[in-house]
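Asker: this one's structure only:
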């Protein structure tokens, strides 16, 4: 054991403990195999926690070895105390991984633990030509790039295109048939009457909502086709599907999520957006525990829901359902990016980015970085087929057009903050949305959330100066 590594452990900022017994950490792997593998300088090891990556990483390793002669040993480990296990294995036991996969929200913790190597990016791929800006923000900490973006998950606005076309056709038939008699009383100018009653048919693309409030306008104007029961639903109990209402105005840590001085949660914009969120409960008559996400996706498959706030895994599930022999999914569907709350306020959903980092204490950093680049760029076209997940790396061709649409949504998303003290931000925010849905005062909720986050970061409760709650002026309020 190197003395340098022993000394390093005394200065580690975060205390590390082993999460599980060796048998739990290395299911299906022999410790002897890992030890013997480390004897060879041309061998790399990579750790990950998600079973869906098994086939993808294993196959990538085979191709990489054929290409470079460097063997890669992949090991799925427990997600419990993941970083602590990596550090102990690296410092105390000398069999830690050369690379590891983690969520971007854990990047600060990994960096402060000495586990992240500042990448050289010798292949010049960590830029907007290869990845969305949100991916580049996800891998960045303190102006350093500490990982290669692998995959993302986010909420997406799903719509049944077959039913949407039926809505448009039904509207055209009804409105077109009645347009000749629906003109103002007292009009004596025949030309004016013709101009006022001229009917222009609509298409599915034209009536597809482009804002959150636009969904309510759609519901007020159009009728559902036979068999379809709901205009719009989502799993209200999960913040992943709620966040896009006020997410654009709940800033914790800035663009890269690592700036402790940039906290802006309590503001007129976030309050307005959260009040619109409250109004949706009344407009669409939804209770928070009424539906599970799986229930809603099944209803969407059956053609009972026109619009659904889903997640990226829905693509894989719907495409698989199309091939089902028992109850095949027979509709065409699409994904669109809802980038606005209304005509003035933005909308941003929440995303999770998985990245591949190089262990800062690895003896093979440059080789490890080369494999990280191969895994996230060169081999990424296989990610969907091998793991059912969407690659951060831009693809020359996507297997389904909906995947490209999901990438557009991801581009407009915001990641969870990396600040260690805000590791519970997801939970805190979910509580705020839940209480808002139940009718609690959004002003008090957001002011309290802001104070709680600042207290966790700075150690003292900071109460923001009171701001008047904005008044909702949307048309749907008076038309319900």
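Answerer: That came in fine, so what should we check first? On a predicted model such as this, the values are computed, not experimentally measured, just so you know.
Asker: only C-alpha atoms for contact and neighbour calcs from this point on.
Answerer: Fine.
Asker: contacting residues around stretch 216-231?
Answerer: For stretch 216-231, contacts defined as CA atoms under 8 Å, 6 or more residues apart in numbering pick out 163, 166-167, 170-171, 207, 209, 283, 303-307, 476, 479.
Asker: cool, and stretch 136-145?
Answerer: Outside of stretch 136-145, the residues that reach it under the criterion CA under 8 Å, 6+ apart are 104-105, 107-108, 118-119, 126-128, 146-149, 255-258, 353, 355, 415.
Asker: again, only this time at 7 Å
Answerer: With contact meaning CA atoms under 7 Å, 6 or more residues apart in numbering, stretch 136-145 is reached by 104, 108, 118-119, 126, 146-149, 255-256, 258, 353, 355, 415.
Asker: Same question for stretch 407-416.
Answerer: When contacts are defined by CA under 7 Å, 6+ apart, stretch 407-416 is touched by residues 105, 132-134, 138, 154, 156, 257, 337, 348-352.
Asker: same question, stretch 258-276
Answerer: Stretch 258-276 has contacts (CA under 7 Å, 6+ apart) with 141, 245-246, 249-254, 417-419, 442-443, 446-447, 450, 457, 469-470, 472.
Asker: Ends of that stretch, what's the gap?
Answerer: Across its full length, stretch 258-276 reaches 29 Å between end residues, using CA to CA, to the nearest Å.
Asker: Point me to the helix or strand that includes residue 102.
Answerer: strand 99-103 (DSSP states H and E).
Asker: Name the strands paired with the longest strand seen in the chain and say parallel or antiparallel.
Answerer: Across the chain, the strand with the greatest residue count (assigned by DSSP state E) is strand 148-160. Sheet partners assigned to strand 148-160 using DSSP bridges are listed as strand 305-311 (antiparallel), strand 333-336 (antiparallel), strand 350-358 (antiparallel), strand 390-391 (antiparallel).
Asker: centre of the chain versus stretch 205-223, how much separation?
Answerer: When distances are taken as CA atoms, centre = their mean, to the nearest Å, stretch 205-223 is centred 24 Å away from the chain's centroid.
Asker: Over to stretch 402-410?
Answerer: Worked out by CA atoms, centre = their mean, stretch 402-410 lies 11 Å from the chain centre.
Asker: Distance to residue 55, mean pLDDT and mean neighbour count for the strands paired with strand 148-160 - can I get that in JSON lines?
Answerer: Output for the strands paired with strand 148-160, formatted as JSON lines (distance: least, CA to CA, whole Å; pLDDT from 0 to 100; neighbours: other CA atoms under 10 Å):
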{"stretch": "strand 305-311", "distance to residue 55": "22", "mean pLDDT": "97", "mean neighbour count": "23"}
{"stretch": "strand 333-336", "distance to residue 55": "28", "mean pLDDT": "97", "mean neighbour count": "20"}
{"stretch": "strand 350-358", "distance to residue 55": "16", "mean pLDDT": "98", "mean neighbour count": "25"}
{"stretch": "strand 390-391", "distance to residue 55": "15", "mean pLDDT": "98", "mean neighbour count": "26"}
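Asker: would you turn these into CSV with distance to residue 323?
Answerer: As requested, these are exported to CSV (distance: least, CA to CA, whole Å):
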stretch, distance to residue 323
strand 305-311, 20
strand 333-336, 15
strand 350-358, 29
strand 390-391, 20
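Asker: Residue 82: which of these is closest?
Answerer: Between residue 82 and the strands paired with strand 148-160, the shortest gap by CA to CA is with strand 350-358, which sits at 13.5 Å.
Asker: Contacts for that closest one next, please.
Answerer: In this structure, residues lying in contact with strand 350-358 by CA under 7 Å, 6+ apart are 98-104, 116-117, 135, 138-139, 146-155, 240, 243-244, 365, 368-369, 372, 410, 413-415.
Asker: The stretch 101-250 of the chain: helices as residue ranges?
Answerer: Shown for the stretch 101-250 of the chain, the helices assigned by DSSP state H, counting those that start in this stretch span residues 107-112, 133-138, 161-178, 190-197, 204-207, 212-221, 239-242.
Asker: contacting residues around the helix or strand following the last one?
Answerer: Secondary structure here is assigned by DSSP H and E; on that basis, the next helix or strand after helix 239-242 toward the C-terminus is strand 251-252. For strand 251-252, the surrounding residues in contact (CA under 7 Å, 6+ apart) are 262, 263, 264, 265, 417.
Asker: Tell me how many other residues surround the third one.
Answerer: Translated: residue 264. Close neighbours of residue 264, defined as other CA atoms under 10 Å, add up to 16.
Asker: one step back: which one (most neighbours) among the contacts of strand 251-252?
Answerer: When neighbours are counted by other CA under 10 Å, residue 417 leads these with 28 neighbours.
Asker: And the pLDDT for that residue?
Answerer: Taken from the predicted model, the pLDDT recorded for residue 417 is 97.
Asker: Domains in the protein, by residue range?
Answerer: 3-154+351-416, 155-350 (automatic domain parsing).
Asker: Nearest to residue 435, out of those?
Answerer: Counting by CA to CA, residue 435 lies closest to domain 155-350 out of those; the figure is 9.6 Å.
Asker: how far does the closest one stretch from start to finish?
Answerer: Note: domain 155-350 ends 7 Å apart using CA to CA.
Asker: and it, how far out from the chain's middle?
Answerer: Domain 155-350 sits 18 Å away from the centroid of its parent chain (CA atoms, centre = their mean).
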